[in-house]
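> Provide a 3D model corresponding to the input given below.
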Amino acid sequence: MAGIGFELRKILKRDSYFSLVQAYLYAGVISSGPWILSIVGLQVIGLLSLAASTSEQSISHFHTTITYAIVASMVLTSLLQQSFTRYAADRLYEHKVDTIVPNLFGALLLVTVVSGVVGFAALWWWFPGQTLFYRALLLATFVVLGDIWIATIFLSGVREYKAIVTMFVVGYGTSVVAALAMREMGLEGLLFGFLIGQGILLMGMIGLALRNYPSPVFLDWDFLHPKRMYPSLIFIGFFYTVGIWADKLIFWFHPETSQVAIGPIRGSLIYDVPITLAWLTIIPGMAVFLVRVETDFVERCQAFYDGIVKGAPLAWIENKKNEMVKEVRHALVEIIQVQGIAVLVIFAAGSWLLSRLAVSDLYGPLLYIDVVAAALQVLFLGVMTVFFYLDKRRILLWLTGLFAVSNVIGTLVTLHLGLPYYGYGLALSLLFVVAVGLFLLDRALTRLEYETFMLQ
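Residues are numbered from 1 along each chain as shown. Modelled structure (predicted):
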């Protein structure tokens with residue numbers, strides 16, 4: 001998606017410390033904004049509600065309910081996200097800007113209908129004992145979150161980084177304020193407040209899309225045309241999302257590591273706290289990699305393929321390929337450096353951090369291994385991003401499938417081994433797929449000129 005790269009390069013050309021901070025802030029919001037802000041927003045709502053004498057049970061049920069809504073919406077929309085991203089990128093490459101918003105509305109309508117039907121059936125079947133108001137709020141939250149994951153795709157193509165930052169702050173700020181204002185209604189009040197903020201965030205995203213991609217057509221289904229769809233991308237998105245959540249789901253439903261929360265919903269206090277803290281450490285690594293990839297690497301990548309299309313000399317093409325390899329290496333090294341610092345900080349201050357959050361030191365070992373896993377997750381995302389640019393969908397399909405399967409197997413094995421090994425299933429799974437991914441990436445870059453010419 002060209003928009004974010006263009007904006008990052010324009011910001012960095014100002015050559016000042018302030019512009020550097022702006023670039024990384026923009027990259028951080030785009031790369032991990034919804035993920036991280038949802039975590040922070042939920043924790044702030046919980047802490048302030050607790051301080052305002054809201055019952056701990058209502059807060060716990062609220063956290064667990066929203067977490068399940070996030071997971072379910074991400075898994076459901078993962079079947080569309082990658083394929084739709086590719087569709088939007090292809091249309092922008094063809095300069096068919098007027099097709100973007102109509103197909104966005106088509107995708108949002110599809111997600112709304114499917115998630116509405118699936119959510120209604122699940123709530124009717126599994127939550128018969130809950131109030132009608134609770135079920136209606138949970139269904140609406142599930143649908144809105146699904147729409148947000150689709151609308152987020154377009155933020156990487158929008159150049160209004162100030163508007164994006166403001167939109168996220170207003171959306172999640174409203175969720176916090178509204179939830180606190182309605183806390184006297186208990187669980188339903190917290191859910192209603194969160195839903196209001198997410199609705200405002202979704203409307204802001206749609207407004208940005210309308211402003212940046214004007215079109216005379218309101219609704220279109222072109223993205224569902226067989227020639228526009230990429231089945232491999234459908235499975236890549238699904239396998240990756242399942243891989244990310246597999247270990248959490250296993251801990252949530254294993255009887256020895258979980259507790260009943262509300263209805264069929266279960267939570268795992270022993271696993272959720274460390275992994276939530278670990279996820280917060282991915283922000284700097286995600287921002288650094290996005291800045292590196294969308295500026296230096298993308299310029300080299302575009303020059304390489306433009307040279308091939310325009311008939312440049314082989315020596316020039318090989319030189320651009322070598323520059324691409326150099327930028328990939330620098331980006332991955334910077335991820336390791338930044339996330340390595342995050343790991344060291346948590347190792348040094350983990351006990352203090354847990355004590356400030358009134359969490360037992362017994363969570364320390366699990367927090368440390370989860371932080372390592374989070375660092376590996378960022379590195380894996382980096383490898384995947386390069387493969388996406390090279391259009392190596394078959395490799396990505398194998399890598400994401402391997403990630404999902406290895407995380408499930410690893411987590412089940414560590415559960416069998418006992419408490420000291422919790423978290424190692426995810427970490428070892430990510431270490432394995434990162435190692436395989438780096439091997440395949442080295443091979444793909446070595447053969448890039450040959451495959452580019454011979455496989456056309």
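
> what's next to whatever helix or strand residue 402 lives in, contact-wise?
Using DSSP states H and E, residue 402 falls within helix 393-417. The contact list for helix 393-417, computed with CB atoms under 8 Å, 6 or more residues apart in numbering, reads 230, 232-233, 235-236, 239-240, 242-243, 246-247, 250-251, 254, 256-257, 380, 383-384, 387-388, 421-426, 428-430, 432-433, 436-437, 440, 444. (Glycine included, C-beta is placed from N, CA and C.)

> Just the buried residues of those.
230, 233, 235-236, 239-240, 242-243, 246-247, 250-251, 257, 380, 383-384, 387-388, 421-426, 428-430, 432-433, 436-437, 440 (16 or more other CB atoms under 10 Å).

> Which ones among the residues you listed map onto helices?
Per DSSP state H, helices hold the following members of the buried ones among the contacts of helix 393-417: 233, 235-236, 239-240, 242-243, 246-247, 250-251, 380, 383-384, 387-388, 424-426, 428-430, 432-433, 436-437, 440.

> Just confirm residue 391 is within a strand.
No: Residue 391 is assigned coil when assessed by DSSP: H, G, I helix; E, B strand; the rest coil, not a strand.

> Would you list the phi and psi of it?
phi 60, psi 40 (degrees, to the nearest 10).

> distance of it from residue 318?
20 Å (CB to CB, to the nearest Å).

> Then residue 264?
To residue 318, residue 264 is 58 Å away according to CB to CB.

> Likewise for residue 166?
From residue 166 to residue 318 the distance is 45 Å (CB to CB).

> Using CSV, write out every CA atom in stretch 448-456.
What follows is stretch 448-456, C-alpha atoms only, in CSV (Å, rounded to 0.1, in the frame of the first residue of the first chain):
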residue,chain,number,x,y,z
LEU,A,448,15.1,-13.7,-7.3
GLU,A,449,16.4,-12.6,-10.7
TYR,A,450,16.1,-16.2,-12.2
GLU,A,451,12.5,-16.7,-10.9
THR,A,452,11.4,-13.2,-11.9
PHE,A,453,12.5,-13.8,-15.5
MET,A,454,11.8,-17.5,-15.9
LEU,A,455,8.5,-17.9,-14.2
GLN,A,456,6.6,-15.2,-16.1
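
> give me the low-pLDDT residue ranges for the protein?
Residues of the chain that meet the criterion pLDDT under 70 lie in 1-20, 22-24, 27-36, 47-54, 156-162, 358, 455-456.

> change it to 80
In the predicted model, the chain carries pLDDT under 80 at residues 1-58, 129, 153-166, 269, 283, 286-296, 298, 350, 353-363, 453-456.

> Kindly state the domain boundaries assigned to it.
2-229, 277-454 (automatic domain parsing).

> will you turn these into JSON lines that also has distance to residue 268?
Shown next, in JSON lines, are these (distance: least, CB to CB, whole Å):
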{"stretch": "domain 2-229", "distance to residue 268": "10"}
{"stretch": "domain 277-454", "distance to residue 268": "10"}
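
> how about these, which one is nearest residue 270?
Comparison of those against residue 270 by CB to CB identifies domain 277-454 as nearest, at 7.3 Å.

> Just the terminal-to-terminal distance for that closest one.
One end of domain 277-454 to the other measures 47 Å (CA to CA, to the nearest Å).

> which residues in the protein form strands?
For the chain, the strands defined by DSSP state E cover 259-262, 265-267.

> hey, which of those is tucked in deepest?
strand 265-267 (a mean of 20; mean count of other CB atoms under 10 Å).

> and residue 200, how many neighbours?
18 (other CB atoms under 10 Å).

> wouldn't residue 289 be in contact with residue 333 here?
No: Residue 289 lies out of contact with residue 333 (CB atoms under 8 Å); the separation is 10.6 Å.

> Of those two, give the one with the bigger neighbour count.
residue 289 (25 against 11).

> any idea how far residue 253 is from the more buried one?
33 Å.

> cool, residue 230 as well?
32 Å.

> can you tell me which residues contact the most far-flung residue of the chain relative to its centre?
The centre of the chain is farthest from one residue, residue 313, which by CA atoms, centre = their mean lies 40.0 Å away. Contacts for residue 313 (CB under 8 Å, 6+ apart) come out as none.

> Mind doing that once more with 10 Å?
307, 319 (CB atoms under 10 Å, 6 or more residues apart in numbering).

> cool, residue 163 as well?
Counting by CB under 10 Å, 6+ apart, residue 163 has contacts 155, 204, 207-208, 211-212.

> try it again with 7 Å
By CB atoms under 7 Å, 6 or more residues apart in numbering, residue 163 lies in contact with residue 208.

> same thing with residue 221?
Residue 221 touches residue 106, counting by CB under 7 Å, 6+ apart.

> Let me know the distance separating it from residue 210.
For residue 221, the distance to residue 210 - CB to CB - is 19 Å.

> how about the helices of the stretch 151-300 of the chain, start to end?
Shown for the stretch 151-300 of the chain, the helices assigned by DSSP state H, counting those that start in this stretch span residues 161-181, 187-212, 231-253, 269-279, 283-292, 298-309.

> what about residue 135, distance to residue 206?
As judged by CB to CB, residue 135 and residue 206 stand 26 Å apart.

> no no, residue 415
With CB to CB as the criterion, residue 415 and residue 206 are 42 Å apart.

> same deal with residue 330?
Distance from residue 330 to residue 206, by CB to CB: 37 Å.

> what's the answer for residue 228, then?
For residue 228 relative to residue 206 (CB to CB), the value is 22 Å.

> Residue 239 and residue 402, how far apart?
For residue 239 relative to residue 402 (CB to CB), the value is 9 Å.

> now residue 144
For residue 144 relative to residue 402 (CB to CB), the value is 33 Å.

> of the two, who's got more company?
In terms of neighbours (other CB under 10 Å), residue 144 is the more surrounded of residue 144 and residue 402; the figures are 21 against 17.

> Let me see the contact set for the more buried one.
Residue 144 touches 195, 198-199, 202, counting by CB under 7 Å, 6+ apart.

> let's see it at 6 Å
198-199, 202 (CB atoms under 6 Å, 6 or more residues apart in numbering).

> what's around residue 44, how many residues?
So residue 44, with other CB under 10 Å, has 16 neighbours.

> quick one: it from residue 203, how far?
Residue 44 is 22 Å from residue 203, by CB to CB.

> what does residue 39 give?
22 Å.

> Between these two, which is the more surrounded one?
Neighbour totals were compared for residue 39 and residue 203, and residue 39 leads with 17 against 13 (other CB under 10 Å).

> hmm, back to that, could you save the strands of the chain as a markdown table and add columns showing distance to residue 98?
Shown next, in a markdown table, are the strands of the chain (distance: least, CB to CB, whole Å):
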| stretch | distance to residue 98 |
| --- | --- |
| strand 259-262 | 46 |
| strand 265-267 | 43 |
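
> List just the one of the ones you listed that sits closest to residue 372.
strand 265-267 (23.5 Å).

> Mind listing the strands that closest one pairs with, and their directions?
strand 259-262 (antiparallel) (DSSP bridges).
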